Structure formats: structure tokens, C-alpha cells
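Participant: Provided below are the primary sequence and the corresponding predicted coordinates.
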Amino acid sequence: MDDLIVEFLTETNESLMELDTDLIKLEQNPNDKDLISKIFRLMHTIKGTCGFLGLPRLETVAHRAENVMGRFRDGNLEVTPEYVSLILTSLDRVRYLLRHIEENGTEPEGSDQDLIAQLDAVYEGSDMPAKSQVSDASAPAAPAVATAAAPGPVEPELKPQEEVVVTASAALPVAAASAAAVGGGGGDAGESSVANQSLRVNMGVLENLMTMVSELVLTRNQLLQIARNDKDNNFVAPLQRLNHVVSDLQEGVMKTRMQPIGNAWAKLPRIIRDLSIELGKKIDLIMTGQDTELDRQVLDMIKDPLTHMIRNSGDHGIETPAERLRAGKPETGKIILRAYHEGGHIIIEITDDGKGLPTEKIRQKIIKNGLASEEEAAKLSPQQIHQYIFAAGFSTAEKVTSVSGRGVGMDVVRTNIEKIGGSIEMKSTEGKGSTFYIKIPLTLAIVSSLIVESAGEKFAIPQLAVRELVLVSQKSENRIEMIKHTPVFRLREKLLPLVSLEDLLKLTGEHSESFEERFEHKYIIVTQVGNYSFGLIVDQVFDTEEIVVKPVAKILKDIDLFSGNTILGDGSVIMILDPGGIAKVAGENNLSDNAQDNVETAQKLSSDSKTSLLLFTAGNGSQKAVPLSLIARLENVDMKMAEVSDDRMLLQYRGSLMPIIPFAPDMDLSPDVFKPLLVFADRGKSVGIIVDEIVDIREEAIDIQIDGKRKGVFGSTIVSGKATEIVDVMHFLNSVHGDWFKDHGDESFLVHDKKKKGGGSSKRILLVDDSPFFRNMLTPLLSAAGYEVIAVDGPSKALELTEREENFDMIISDIEMPDMNGYDFATRVRSIEKWQKMPMVALTSHATPEDIDHGYESGFDEYIAKFDRDTLLSTISKTLARGNEA
Amino acid sequence: MSAANTDKVVGDTTLFRHQVAEQKSKDFLTVEIGGQMFGIPILQVQDVLGELKVTRIPLAPPQVSGSLNLRGRIVTAIDVRKCLGLKPLELKANERRMSVVVNYDEELYSLIIDSVGDVLTLPDKDFETNPATLDVTWKAVSLGVYRLHGRIMVVLDVPKLLLSLHQLN
């Protein structure tokens, strides 16, 4: 039998068992919305899977039953015992069909018209036929034998069905017997053909093995500790061996749980194939990274969500061939499924090149479903709108197909993924397609955790949720501030809500000391749950440990703040904090706020040209900024130490004379005044610039909005809400050391005309230079000239960008770089097809004609000396203009 | 130590009552709490421990002292004195409290008591139901009493004791 069918049978049998119990619960408690939704989803899954396996009879029954469940869910049909019996009968029919498939590989002959008629009658609202008809409707199709094989807990509850069971068993003793055999193993029929090299082991056995291995590891650690204290012991050698064996054993047991993700993907090509036939679309499914391994438990959890999503991509995403041709796309749509490791996570990407999410349609739907008012909805950005597809009961498909469109799906997908500590993100461009990113932990059993301490007690917090650690001290810049009694922290211009672990867990009583004293020298653990970030204040942070998560005792289950407990390497028990639970207590923001954050993050990511700026004041005028990385040191000097010699101000600094210059002429330089000094150093030379006050250090994207009029200023921009002048350090350096840049070559080559810059706005320039000094120097210069600058520290990074399909209008590259020189880099760039015509400018201190020739041969268009500001700008604009003509 | 390590544990009160009624006698591990002798049905006892390092569990009911590591299994420690509304025991130097580990519903709990006595086999005829005037807190965790020579032994109802904690939550 087809592997796919075997798997389907196993899965469906499991789902059916779950359904049985749920339906009976429903009968007792008909208003349980959650339960109704759950049953509906299960039905939906059964139906969906049937459809793709070419089991029309089964599919029809499930579909009709789902229709009825849909009415229960929408609340326009009351759940009565009769209806529950009807659904149970449908389930029995499904079971009967399944068993037939299991035994013969095909669906049995016959029709389910009787049952369908009843289901439709209920669905359409006309009263259902007499109840008795249910059990004796059709002799061959109705036997509910499998109920007999249902596991213990289900059976006693199945009172209404018992009678049917008995009669049916009498009628079909053979089927009953085989059902009992099959049902007991959860539908393992056909296993013999599947199982060859592998062995099916109960997860419980593996769990147990795992626990024992953990214990063994602990014991080994203790033994090693003892042996370490007594070096001449006879046990040392055997202990070493034990040590290795135990490590291997631990690894081996872990491996038994790992499975390639390809196992979960195996049936996807088939699904896509059938889907494309059914919908008349042409779809290619491209899968990469099938060998990426992850924990079996995790694998099981993501299997269904993945299937749902792939199906969605095929059904909603990819257009019909005609539509695609009209949109100027190739006839065949592409769905790309990728899995890869990234820092302790598995990332699964699902990309389609279909029509993307219809923003307007979703907006309308949001309003229609009452999720937001018209006014609110109008304000939402496309990204925020898209987030709503994860809301329950949301479907944009115009008609309900058997494939999808009932509004289950994305909310289930998200719930399932978040249940295992994963997250799902999405970006979509209307007309171009959508990409979903699913991030899931490698394993659930062993979690890397950060050990923290609060009020003398240690706790573990899963590393997955930890974004960063900040040490705060009330005396420094990094300090906790209070709004009323709520502590907050400014983290890179964003207000981070804080919770004190001590208060949260009520570890100590009332505090008498002021908050300054309380929050002196604390750590903030920046924690992220889904899209919500908050800071957890702790006293101490220790190292990370790989821990085996064990559930907490039942009597402690109600404490939401713990996800489990574990035994550390030293044998002590430690509680594991549940970031999700803490987030709930710490007050999670609503969806739209989070979406807003996403937008901001996305924007930040897109312009990753952030620079740390040192803000200072000097003389009159607005605050000034200089790229922090240009500064070698900051000093505070007594002005009486400054000496004047040869008309220059000098300072004895680290055993040599350093020229110093006041930033502005109107500064107070009288002796006895201490002034901050910015020391710039490069290649053995240094210079100090005297300023009035250091204000702050900020990370900002340099976006010069007004060009500088004065010498020494590139222009003005906004930094933390204030107009700020970006300082042209080079001007000062050159004014002191006329020869400062001699080493870099100060003459201009190949300059034909010195045009002013122009026409270059919003051009993207890739700057490749290994020296941070020059990168930081040139980035503001070029930004001031109106270019968008992406600076990288070497050719390899630059080449990486080509793979990311970044686009640039020009490349400016240094020649002397450690890992690959500029000539080789140019040759490589020219070998890339789409960059063949890219203008390339060499920046160098190499000046010989041979070098210049070499540069041209390698593929550079222009050759300029570093720090000839005017030549550089004119060459760039000239080269770009030429590129445009070509 | 005479405590038996047994895997088979009877955690069900009704079943236990049933056994008390049917069998001629029953084995108990006697423990002392606040000067009163208590009996724990031997079949529920998994282990007897000296004092181990206990990790506090924040936000847990006050009766829960914390959790400890018993040969790789995490055990929840319950302070029985607190359950009975008694003051904490004042320990003299080099005196240690004892714990009896019981298995309930597949989980291990360590009952912290003052000291452990003997294993007694007691005839059913000596069993009596709780005196009507017994303290309510005590009544809630007691199955009944045995008259011994000059002493009274209260039978500790372990499942009920643990269940009361659960409800407290």
C-alpha cells in the first residue's frame, strides 16, 4: 500500500478517536465554543487529507459532516443529542470506509446517499428524518464496528452507539475481529511493508531512556568531581572511559528523537500535484533542506500546519495559468519550501510567487467581521492588515472550496506553532507573492537556558526567548526609570516595559529602599514572546545550561509563571520560567501595536546603515555629531596643559606631542577649565579636537537633510529629535596635518572636469573598505551628497549581498583589503552577470600608473585617491550619469 | 531503615478503606509530628529521606516547601506541620527533620515530618473512625485512628492531604 495512505490511515484513526471523546463532551456541554471549533478543525483536517488521496466517497461524507459542524460553530444550530448521534454515525461511516481501504486499498462500492441526505437536511435547516433511521439506514455501510476497538476511556462513554455495535458485529464478525486487531494499535495496518530497517519504539520508552541518561550524566559529573580532587586515584582511567561512553550515549539517545524534516514533507508533492489538477493550475513545488533534523515531537506538531500552509499557497496564492500570463508571470507558479538551521532554531520558509495577500479585501473583511472599525481599519498599514489572517475565523477566499476557505487554517497554524515555542511571520506583496517564516526550536526536550538569580533564588529562562542582556546601574546612562511605580528602560530609543522577577514571584516582602537603591547594579533580560518584548529585572546572570525540561507537579500546575522544572548539573532543582506566562502578567500589547513594531523593525532592517554617533556641543549653535568609530579615545584635559608652539596648540599626550584644535573659535579655552577632547588617530598620527560637552551616544541612520554651508560640516540631520550637524572630521585633521593623508595619495587622477554633484539622489552605492575609519568617513560624506550608502567591510560581504539580490547603482571599493584585494574583487564582480555593467570606482592610495592600469584591467571604471572629496563626488556623479546613458 | 521500597502504591482512598475492611491487619509506617503519632499506609511509602536541599517554589501554597532531587526525579516537598496548622519545628543542633516520600498519581511527594518511627502491623479491630470532635484541619487529612498501647495513632490520608493543596491553588 502507498506510504501516503498508511500514514493517512494512522492519522485519521487517531483523529477519529479524539473526535469521539470530544463529541460526547459536546453533548454534555453544547455551548462550549472552543470544543466546537476543535471538532470542526479535526473534521476539516480529515476532509482535506481525504480529498488529496483520491477518496471521493470518504471526502464527501467528511465534507457534509463538516458543513453541519460549521453551523454548530457559527452558533446557528443548537447541538442536540440527535445531531451528535448523526455526527457519530457519519464518523462510523468514515471508519467503515477507512477499514475497507485498509484491507483492500480501495473504497468500497456503494453510496452514502442516505447519510448525506440526513446531513444535508440538517445543514440546510430542514428537520432531520426520524432518528431511528440512523442506525438501520443501510446495512453494508452503517456498521460501527470500530467503536468496539476504540481504547478504554472512550468506550464506556459511547453508550448511544453500543446497540449498533452489537448488531453490526453479529452481521460482520470478520470485519469486527480485524477491526479489533487494527484499532488496538492505532491503525498500524500495513506496517509490515513499511517497517524494514527501522523499529517503532514507543515515545514513553525513549522518554524513560532519556531520563535515565540524564541521571547517568549527573552521576558521572559527581564522580568526575571526586576524581579531580584525587589525581592518583586508580579510578581515573576507567572514569575517563565512562565519561566518553556516557557522552556518546547521551548523544545517541538524543539522536533517536531527531528526524529529518523531509519526513514531514514527503506527502507535500502529491498534495500539490493533486491540487494543481483539481484547480487547473500549474504549480512547481521546490523543496530544499529536507535533511535538516529536528525533534520528532516538534516534527509532529508542525506537520499539519505545514500541510495547511502549502495547501493555502497553492489554493489562494498561485493564480491560474491565464491569470499569471496576464500578470506577465510564467505560466507555472512556484512554491518554494526551505528549511535550515539558524542559531538553535529551525527556520522554515514557504514562498510563493502568486498573487500575494489582497490587502483591500482583507481590510473589508476586517470591518465586516467587526475586528476593527472602518476608521481604525483605514489607518492600518498593509503589514498590519496582513496580520489579521492569523485571526480566528478569517478567510478571504471568495468561495468555500473543499481545499480551503473556511477560515480555519492560519489561526490553527499559529496556535500550533506558538504552542511549541515557535513563531510565524509573513510578508506579502500584492501581485508578487507571499513568504511565511516559521521559526521553531530544534527540540523541546532539551532546552538551552540562561540561569539567573533573584533574591538569592536561581531560575532558568529558556534562551529562545532571551534577546539580549543589559547591565544597568542607576549612576550610568543605562538606568531604570520610574513612571509612577512602573519601572521602564530606554533601550535604543524604545521604551521597554520592565518587570522585576523578585516582585513577580513575591520573593521578598515590602521594599523600604528607594528605587535607585533597589535597581542599582541589576541585569535586564530583554525577553521576547511572539512580537512582544519586555525586560525582566534580575540580580545576577550566570551561564547557560542545556536542561532537560520536566513538568511541574500537578499541585503546582496553576502557577502560570513556570513551564517546568529541572535538575542542574550540580544536582539542585531549579524552576524554569515561562516567558509566555510572564508576558501575560507583564501585560501583552494588542495585535496592532505589535504589527506596528514589525513595520518599524522592517524599516530599520531595510536601511541597515545605522551608525553610532557621538553627540557633543562646542561653541554656539546646535549639537554636533561625529561617527563614534572614528574616535580613538575620549579624554578630559585641563586646558592649562595645552601649550602653544609654532602657532599651534599642542598637548603632551602619551609621551609625544599631539596637535589639538578647538572645534569652534568662540570656545572658552581659559586655563583651569577641563574640556573633553576627542582624540582621532590613524597610522601613528593623532589629533585632538576640543569640545565643550559630550552629550550622548546614539545609534542613528545618517540621513543628511540639509547640506553644510560651512567648512567642517557635512550637513544637518535629526538625531534624537534635535537638529544636529554631522562633522567632517577630515577638515579638521587636514587643517592640522597638511600631510595627514599623504599616505593615501592626495592627488587626483582621471579628473576631467570638476562638476558639482547632482542628479545622484537616491542612488545606491555599495562601499567596500576594510578600514572602519574610512567607511565611517565616507558614509556621511556620500550621504550628504544624496546617495544611499551601504558600507561593508570586505569583498566577501559585498559578494554576499549580490546573492541576496541587492541592487546597487555603483560600487566603490578600496584596493588593499585583507581577505581579497580590490583587483580580484573587481574581477569577481564582473563575472556576475547582472553586475557586469555596474559602475565601479577604485579608491586608493596606490598611485603608480601600473596600479591604475591594473585597476582598469580588473574592471574598474574609475580610479580616485582617497579623500579627495570633490573629485570623488564629481567622479561618482559623472560615472553614474554615464551609466544611465549606456 | 525498615521502610519498604515498593512500586505498587495504593493511592485510592476507597480502595484503601476496602482493604482495611477486608484484611485482618494492615501495615503502617509510623511518624511523629508535633508529638502526635501518625501512620502512613506502608504501600504508599516509596522512600524515607533525611533532610535534603530543597529549592523554594515561589507562588506555591505555603504548605509546599519546595522541590528536591531524589535520584534524578523531582519531588515536591510538603510541610505536613503546616498542613496540620502546627508551628514550625524548632530544631536543636545536629537534629534533622525527616521526610517520607509517597507516590500519588504517578508523582512523588516528600512529606516533611519530625521523625520516623517503626513499621507496625495493626489489627483491623483496633481501627476507629475519627472522633467527632477532632479539629477540622486534622479531620480533613485523617482516615481514622488506631488505639495502641497507651497511644493513639492517626492514619494520615495522603491523597486527601495532597488534594487539599491542589484545591488551595
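Facilitator: The structure has been received and is ready for your questions.

Participant: C-alpha from now on. contacts and neighbour counts both.
Facilitator: Noted.

Participant: so what's residue 67 up against?
Facilitator: No chain in the question, so chain A it is. With contact taken as Cα atoms under 8 Å, 6 or more residues apart in numbering or on different chains, residue A:67 is in contact with residue A:123.

Participant: try again with chain B
Facilitator: A:573, B:54-57, B:74-77.

Participant: just these: which are in strands?
Facilitator: Judged by DSSP state E, the subset of those located in strands is A:573, B:74-77.

Participant: what is the nearest of these to residue B:39?
Facilitator: Proximity of the ones in strands among the contacts of residue B:67 to residue B:39, judged by Cα to Cα, is greatest for residue B:77, which lies at 18.3 Å.

Participant: okay, that closest one: pLDDT?
Facilitator: Predicted confidence (pLDDT) at residue B:77: the value is 92.

Participant: who wins for most neighbours among the ones in strands among the contacts of residue B:67?
Facilitator: When neighbours are counted as other Cα atoms under 10 Å in any protein chain shown, the busiest of the ones in strands among the contacts of residue B:67 turns out to be residue B:76, with 28 neighbours.

Participant: test my guess that that residue contacts residue B:110.
Facilitator: Yes: counting by Cα atoms under 8 Å, residue B:76 touches residue B:110, with 5.9 Å between them.

Participant: so how many other residues sit close to the nearest residue to residue A:417 once chain neighbours are set aside?
Facilitator: Closest residue in space to residue A:417, ignoring its immediate chain neighbours: residue A:423 at 6.2 Å, by Cα to Cα, 6 or more residues apart in numbering or on different chains. Neighbourhood size, residue A:423 [other Cα under 10 Å]: 20.

Participant: who does residue A:423 form a beta bridge with?
Facilitator: With DSSP bridges as the criterion, the beta-bridge partners of residue A:423 are residue A:439.

Participant: that one and residue A:439 touch, don't they?
Facilitator: Yes: the pair formed by residue A:423 and residue A:439 meets the contact definition of Cα under 8 Å, at 5.2 Å.

Participant: quick revisit: any chance of TSV for the contacts of residue B:67, columns distance to residue B:129?
Facilitator: Written out in TSV, the entries for the contacts of residue B:67 read as follows (distance: Cα to Cα, whole Å):
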residue	distance to residue B:129
A:573	40
B:54	35
B:55	37
B:56	36
B:57	35
B:74	35
B:75	31
B:76	29
B:77	28
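
Participant: make sure residue A:672 is indeed in a helix.
Facilitator: No: per DSSP: H, G, I helix; E, B strand; the rest coil, residue A:672 lies outside any helix segment and is coil.

Participant: quick check: the gap between residue A:565 and residue A:547.
Facilitator: With distances taken as Cα to Cα, to the nearest Å, residue A:565 is found 9 Å from residue A:547.

Participant: tell me where the stretch 301-450 of chain A has strands.
Facilitator: For the stretch 301-450 of chain A, the strands defined by DSSP state E, counting those that start in this stretch cover A:333-342, A:345-352, A:423-429, A:433-441, A:446-454.

Participant: before we move on, what about chain B?
Facilitator: When secondary structure is read from DSSP E, chain B shows strands at B:25-33, B:36-41, B:45-49, B:64-70, B:73-79, B:98-104, B:107-113, B:115-123, B:127-128, B:142-147, B:152-156.

Participant: chain B contacts on chain A?
Facilitator: A:211-212, A:214-215, A:457, A:505-507, A:553-556, A:558-559, A:565-567, A:571-575 (Cα under 8 Å from any Cα of the partner chain).

Participant: repeat the analysis, applying 7 Å as the threshold.
Facilitator: If contacts are counted using Cα under 7 Å from any Cα of the partner chain, the residues of chain A sitting beside chain B are A:215, A:505-507, A:553, A:555-556, A:558, A:567, A:571-574.

Participant: can I get the residues you listed in CSV with secondary structure and pLDDT?
Facilitator: Below are these laid out as CSV (DSSP: H, G, I helix; E, B strand; the rest coil; pLDDT from 0 to 100):
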residue, secondary structure, pLDDT
A:215, helix, 75
A:505, coil, 86
A:506, coil, 83
A:507, coil, 81
A:553, coil, 81
A:555, helix, 79
A:556, helix, 80
A:558, coil, 76
A:567, strand, 80
A:571, coil, 75
A:572, coil, 82
A:573, strand, 88
A:574, strand, 90
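
Participant: from those residues, list just the buried residues.
Facilitator: A:215, A:507, A:553, A:555-556, A:567, A:571-574 (16 or more other Cα atoms under 10 Å in any protein chain shown).

Participant: how about the residues you listed, which pair is most distant?
Facilitator: Most distant of these, by Cα to Cα, are A:215 and A:507, 29.8 Å apart.

Participant: go through the host helix or strand of residue A:63 and flag the buried ones.
Facilitator: Remark: residue A:63 resides in helix A:56-74, with elements defined by DSSP states H and E. For helix A:56-74, the neighbour count (16+ other Cα under 10 Å) marks A:57-73 as buried.

Participant: quick check, distance from it to the centre of its chain.
Facilitator: A distance of 35 Å separates the C-alpha centroid of helix A:56-74 from that of its chain, computed with Cα atoms, centre = their mean, to the nearest Å.
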